[in-house]
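# Next one to model:
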Amino acid sequence: MKYLNLFLLFLSAIILSALLQWAGMVMPWLFGAMIATVVFYRMVTTHFHYPKWFGNLGLIIIGVEIGSTFTLETLADMAEDYITIIMLSLLIIGLSLLLAGFFMRMTGCTLETAVLASIPGALSQMIVMAEEEKRADLLLVTLTQMSRIVLVVIFVPLIASFTAGSNLTGTNEVASSLTSVATVDMLWMLLGIPAVIYIMTLMKFPVPYMIGPMLVVLTWNVVTDYTFSVDVSFMYAAQLFFGIRIGLQISTLVNQLNKRLILSMLIQNMLLIIGTLGLVMVFLLISEHDFTDLFLSAAPGGIGQIIIVAVEMGANIAMISSYHIFRIFFILLIVAPLINMLLRKNRKRRQHAHDGT
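Down below sits the predicted model:
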């Protein structure tokens with residue numbers, strides 16, 4: 001019965017997505033799958049199992065699309081843009097930490113919870129740190145991080161769509177489609193992608209199902225100098241798989257939230273999006289980037305959601321993914337250890353104060 005329910009869920013998601021596409025909605029396959037899943041979960045049945053590999057397959061498709069946009073030319077352009085990448089990433093992280101204090105006052109949570117809930121783009125790492133930090137509220141950290149993903153998926157494409165169109169600098173218009181790649185070359189990628197994913201999983205690397213395929217295709221592009229794009233039908237499928245996953249997250253979130261938490265998370269995440277928009281407007285004065293490209297590069301969401309938006313907007317996928325990949329590395333290698341050290345010092349200071357009394 002659960003397989004029949006899963007089939008009906010997919011069918012309803014496909015039908016609604018097709019209708020939204022016909023109506024001209026932004027990102028119809030993502031939003032259609034999200035809406036259909038929430039309605040199905042809340043009003044039809046919860047008795048179905050959504051296999052994890054469906055979502056991972058969507059990430060693999062997105063990873064291949066990201067990799068296909070990296071050429072020698074785009075890599076050279078990014079190397080010249082490293083100052084903007086570093087400055088904007090630092091400012092976004094700084095803004096999120098400033099809002100952590102505001103979030104702490106709104107919810108009455110601990111400093112540990114507020115900080116771990118506020119860092120954007122590193123959900124899994126922040127959840128792991130919340131599990132290890134005794135004073136952190138794991139549920140609140142998880143819900144806040146997940147709700148940001150939902151809000152980013154809803155609001156970022158709407159903001160980006162206001163300026164998308166005539167002046168985009170996207171580099172995802174390339175020579176041929178994925179289905180035109182030679183069979184031998186395709187076999188090379190099909191073998192390389194799971195191997196790299198497996199190695200990155202063993203290393204506990206973030207988002208291996210997206211970054212692994214991206215690295216394989218990027219390497220193939222640079223070595224062969226033959227580029228391709230992912231067929232639009234594959235990208236629709238990726239949005240569908242991803243939309244159902246996010247729809248399930250929304251459905252489960254609703255049951256675990258009260259009005260105060262909902263309002264607090266909404267205000268904090270909207271302030272982060274608005275603050276990001278303000279930073280982007282400042283950077284537009286000192287750079288030659290297009291608004292949509294720069295806004296999606298800075299947007300405080302996961303790389304998977306943002307790249308789906310970028311593909312739909314026709315934006316510069318290579319540029320946008322490079323900003324987000326740098327932010328992931330920066331958070332994992334520098335910010336997360338630094339936060340861990342500061343929270344450990346804060347814990348020792350409280351312990352000393354307690355021993356003194």
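# For the protein, name the helix or strand with the lowest mean pLDDT.
Scoring the helices and strands of the chain by mean pLDDT, DSSP states H and E places strand 176-177 at the bottom, with a mean of 56.
# how close does M203 get to L343?
According to CB to CB, to the nearest Å, M203 and L343 sit 24 Å apart. Yep, even glycine has a C-beta here, placed from its N, CA and C like the rest.
# and these two? which has more neighbours close in?
Using other CB atoms under 10 Å as the criterion, M203 and L343 rank with L343 on top: 20 against 9.
# Can you give me the neighbour number for G108?
When neighbours are counted by other CB under 10 Å, G108 registers 9.
# Read off the pLDDT value for it.
For G108, the model assigns a pLDDT of 84.
# Also W188?
According to the model, W188 scores 76 on pLDDT.
# Excluding chain neighbours, give the residue nearest to it in space.
W220 (7.1 Å; CB to CB, 6 or more residues apart in numbering).
# unless I'm mixing things up, the one you found is touching M189, no?
Yes - at 6.2 Å, W220 and M189 qualify as touching, with contact defined as CB atoms under 8 Å.
# how far out from the middle of the chain is stretch 217-234?
21 Å (CA atoms, centre = their mean, to the nearest Å).
# Same check on stretch 96-112?
Stretch 96-112 sits 22 Å away from the centroid of its parent chain (CA atoms, centre = their mean).
# who touches it?
113-115, 117-120, 130, 133, 135-137, 140, 144, 260-261, 263-264, 267-268, 271-272, 275, 300, 343, 346 (CB atoms under 8 Å, 6 or more residues apart in numbering).
# Pull out the buried members of those.
Among the contacts of stretch 96-112, those buried by neighbour count (16 or more other CB atoms under 10 Å) are 113-115, 117-120, 130, 133, 136-137, 140, 144, 261, 264, 268, 271-272, 275, 300, 343.
# so of those residues, which ones are in helices?
Applying DSSP state H to the buried ones among the contacts of stretch 96-112, the entries found in helices are 113-115, 117-118, 130, 140, 144, 261, 264, 268, 271-272, 275, 343.
# these two touch, right, M313 and F291?
No - when contacts are counted by CB under 8 Å, M313 is not listed as touching F291 (10.9 Å).
# Please report phi then psi for the residue nearest in space to the middle of the chain.
A centroid search over the chain (CA atoms, centre = their mean) returns G302, at 1.7 Å, as the residue closest to the centre. Torsion angles at G302 (phi, psi; degrees, to the nearest 10) stand at phi -70, psi 150.
# same thing with P51?
Residue torsions, per degrees, to the nearest 10, at P51 are phi -60, psi 140.
# same thing with N258?
phi -110, psi 170.
# Can you give me the distance of it to D293?
Distance of N258 to D293, given as CB to CB: 39 Å.
# ok, those two, which is more surrounded?
Between N258 and D293, D293 has the larger neighbour count (other CB under 10 Å), namely 27 against 8.
# correct me, but that one touches A318?
No - applying CB under 8 Å as the test, D293 and A318 come out as separate, 10.0 Å apart.
# what's the distance between Q305 and F155?
The value you get for Q305 to F155, if CB to CB is used, is 11 Å.
# Between those two, which is the more surrounded one?
Neighbour count, other CB under 10 Å: between Q305 and F155, Q305 has more, with 23 against 17.
# one step back: okay, W220 and M189: which has more neighbours?
Neighbour tally, W220 and M189, criterion other CB under 10 Å: the higher count belongs to W220, 21 against 17.
# in which helix or strand would I find the more buried one?
Following DSSP states H and E, the helix or strand that holds W220 is helix 208-224.
# ok, the residue nearest to V216 when sequence neighbours are not counted - contacts?
Once flanking residues are discounted, V216 sits nearest to G192: 4.3 Å by CB to CB, 6+ apart. Contact analysis of G192 by CB under 8 Å, 6+ apart lists 216, 219-220.
# For L333, give me the pLDDT.
Value for L333, per-residue pLDDT: 65.
# oh sorry, the question was meant for Q256
So Q256 comes in at 68 (pLDDT).
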